Structures are given as structure tokens and as C-alpha cells.
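S.K.: I'll drop the sequence and a predicted model, then ask my questions.
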Amino acid sequence: MKFRSKTGEVYIGILEAMDYYCDSKEDCNDCALREPVKSYQKQKNPCYAYVADNPHEAARLMGFEVVEDEQFREVTKMMKEANMDKPRICDVLGVNVDEEFEFDFDSNQVSRGTMKIGADGLRYYKDKKDWFQCWNEKDLIYIINHPDRIIRKPRFTQQEVERAKAIKTLWPCAKAIVKAESGAISVVGATIELNVDHFPSLHPGKTVTLDEIIGGAE
């Protein structure tokens, strides 16, 4: 979704538009969002939370016109369309509903962290243990055009899950499995050696907790 200011500038995403609006004001006393934002004061970033939840109303208050280009309309349509099992956007990206993944953005962009596509066809990002809806449509279009950059979490086999359970039972202090670039496997919190073939789903150079393995069976 794009937003056009009264002077003709176009901003991609309501948060980008809000940043421009805030820079144009001397202080918060001159902000048109001051009153509605009060209901969000208990949140960490009340202004961002309000405009993310109410993009059209926030745009109206800040004096922006909502502009939806053809590409974004197609993306929105894709997100809402669903087949028998999952939203179409999952098929486009090659992920399952609620499957956690990351994305390799260009080196000059900040990592967006862990994301997923919900059963409603919307994209969410993870902040600690909680999930929040993503509002950056520019990012979504970029992801759709570069699905090869999606970084999926390993999908562990049932045999790997049983091995992880056995390690937790025999070594209660064990926390995670580490696979070196060479393929050698070590266990955080336990002095044991594992065969390099014991956790084939874990990629070299990666670390995964035992709990993640146990909860990540195919």
C-alpha cells in the first residue's frame, strides 16, 4: 500500500509515511495522531502500533491519500485467495502455513528476523515469543520475486527427534546440537561425541536446541 502526501511525494507503507509526517512536525503537541494514540500508551511503541493497526484512518489524519498500484493489488488478491489446504501465497513462496522462515535480504538491508505465513494468508514477524503482523508491502513483493532467498528451518525426521529425546533423558543438562562447517557434531551442555550422520537435517555451521528438534518433526 502506498501513501501520497499533499505535496505529491509517495511513500511505500504507512510506517514510512508516518516517519515523514513526524519529521515535518516540531513536537508531539502538533501531531494529529496524539489523541487516538493514547489508547496504545501501554504498548512499547504506541505510535507505530496505532498506525499499523489503523493504516487508513492514520493516513487520513496525517493528510495522506491511499494509493494502491496494480502490483500491490495482485499481491493482496494472492494473499486472500486460498485453495483446499492453505493460502495461495504459501504455494508461491513454497512454505507451509505457520512454517517459520527467514529471508536473505540484500547485504545493505537490516534482517527482518523470523517470519511466517498464517492460515489467514497474512505475513507475521516474531518478536521474542510473540507474533505480529507485517505491514511492509515492499518487503513482501521483494520476497515473492526472490523465493530462492528464503531460509527455512530444518524439518527433522522422527528418528532425529527420538535421538534428541534420548540425549535430553541421558544428559539433562544438554541444551543444543552444534554442527560445525566440517560436519562434526557437538552437544552444548554435555561432553559427548555424536556420529556425523546422526542429525542430517541440520546444515553445517548451524545450531539448534534440542527442544526445537523435538518440536520440529516432519
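M.R.: Ah, there it is.

S.K.: quick check: buried residues in the longest helix along the chain?
M.R.: In the chain, assigned by DSSP state H, the helix with the most residues is helix 158-170. Neighbour counts over helix 158-170 (16 or more other Cβ atoms under 10 Å) mark 160-161, 163-164, 167-168 as buried. The way it works is simple: take the backbone N, C-alpha and C, and place the C-beta from them, glycine included.

S.K.: what of stretch 137-157?
M.R.: 137, 139-140, 143-144, 150, 154, 156-157.

S.K.: with stretch 176-194 instead?
M.R.: 176-179, 185, 187, 190, 194.

S.K.: and stretch 12-29, by the same measure?
M.R.: Judged by neighbour count using 16+ other Cβ under 10 Å, the buried positions of stretch 12-29 are 12-18, 21.

S.K.: could you do stretch 190-209 as well?
M.R.: 190, 194, 199, 201-202, 208.

S.K.: re the thing from before, which pair of the buried residues of stretch 176-194 spans the longest distance?
M.R.: Maximum pairwise distance among the buried residues of stretch 176-194 (Cβ to Cβ): 15.2 Å, between 179 and 190.

S.K.: who's in contact with the helix or strand that the longest helix of the chain is followed by?
M.R.: Next helix or strand after helix 158-170 toward the C-terminus (DSSP states H and E): strand 176-179. Contacts to strand 176-179, defined as Cβ atoms under 8 Å, 6 or more residues apart in numbering, come from residues 164, 185-189, 194, 199, 202-210, 213.

S.K.: return the list of helices and strands in contact with the helix or strand just after strand 176-179.
M.R.: Proceeding N to C from strand 176-179, the next assigned helix or strand is strand 185-188, under DSSP H and E. Applying 3 or more Cβ pairs under 8 Å, 6 or more residues apart in numbering; DSSP states H and E, we find strand 185-188 packed against strand 176-179.

S.K.: coming back round to it: by contact count, what packs against the longest helix of the chain?
M.R.: Using 3+ Cβ pairs under 8 Å, 6+ apart, helix 158-170 sits against helix 210-214.
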